[in-house]
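Peer 1: below are the sequence and a predicted model for it; my questions follow.
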Amino acid sequence: MSDTLNGQDGRHAADHAYRLIRDEILSGKRTGGDWLREGELADSIGVSRTPVREALRRLTAEGLLTYERNKGVQVKGWDVADLDEIFSLRTVLEPWGCSLAAERGTVDTDQLDDLAHRMDALVVDGHPADLDRLTELNNRFHRAILDGSGNTRLATVLASVVQVPIVWRTFAHYNPESLRRSLAHHHELVTALRAHDGEWAQSVMCSHIKSAWHSIREQSGA
């Protein structure tokens, strides 16, 4: 195989490697502290080292991997302290941003409503039918609200916070009741935003994040 990354084929190979490695990290197949070797990954994925190298760069930039000179890259680990810090920040900042968005009234609530219903459709018998897609739609839902807050720095700070594997995999830690409650929060948030009620929107978002926090802690044994 050629060790180049040129043109559409090279980009496709890099994207393919990125998705596979990322999925292994988010699913827990590769855990914190695991070293990732370019040659081994290239052989298992069926591509050259160059697209694997590009995929590892992207994953390092996203915070899923860490790079150590003369050693390589390894999966970034997390502990209870990391979890508490992340959700403590989200519990303070995201509800505030939601309140701002409700009061400004610039959020496209029809789009949010559509996203909420599309997430509902991805749950079968209380479990996600497509975890990656559900997570993507959820991130779009939350990002749209933050964009509507009018505070660009807030959106940037929170975007960096949620680039943590354990947060990306939130839905994987929900039992059917917790998942039902989370999805119901989305619909209530749409209603609060449509009413331009900042206090209501803030309260629902706070409950939404705290529910996720406790579900992750409970399911992970933290």
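Peer 2: Sure, I can see it.
Peer 1: got the buried residues for whichever strand or helix holds residue 210?
Peer 2: Taking DSSP states H and E as the criterion, residue 210 maps to helix 198-220. Within helix 198-220, the residues scored as buried using 16 or more other C-beta atoms under 10 Å are 198, 200-209, 211-213, 215-216. The way it works is simple: take the backbone N, C-alpha and C, and place the C-beta from them, glycine included.
Peer 1: low-scoring stretches of this protein, by residue?
Peer 2: Residues of the chain that meet the criterion pLDDT under 70 lie in 1-8, 27, 162-169, 219-222.
Peer 1: which residues in it form helices?
Peer 2: Listed in chain order, the helices found in the chain under DSSP state H are 7-26, 38-45, 49-61, 80-104, 109-121, 131-148, 152-161, 165-168, 176-194, 198-220.
Peer 1: could I get the ones you listed as a markdown table with distance to residue 71?
Peer 2: Below are the helices of the chain laid out as a markdown table (distance: least, C-beta to C-beta, whole Å):
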| stretch | distance to residue 71 |
| --- | --- |
| helix 7-26 | 18 |
| helix 38-45 | 13 |
| helix 49-61 | 13 |
| helix 80-104 | 22 |
| helix 109-121 | 40 |
| helix 131-148 | 30 |
| helix 152-161 | 25 |
| helix 165-168 | 21 |
| helix 176-194 | 39 |
| helix 198-220 | 28 |
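Peer 1: so which of these is nearest residue 70?
Peer 2: Residue 70 lies closest, by C-beta to C-beta, to one member of the helices of the chain: helix 38-45, at 14.4 Å.
Peer 1: which other residues reach that closest one?
Peer 2: Helix 38-45 is contacted by residues 16, 17, 20, 21, 48, 49, 51, 52, 53, 56, 72 when judged by C-beta atoms under 8 Å, 6 or more residues apart in numbering.
Peer 1: that helix vs helix 7-26, what angle?
Peer 2: 100 degrees (axes from the mean of the first three to the mean of the last three C-alpha atoms, to 10 degrees).
Peer 1: and helix 38-45, which residues are buried?
Peer 2: Neighbour-count burial for helix 38-45 [16+ other C-beta under 10 Å]: 38, 41, 42, 45.
Peer 1: also stretch 149-157?
Peer 2: 149, 151, 154, 155.
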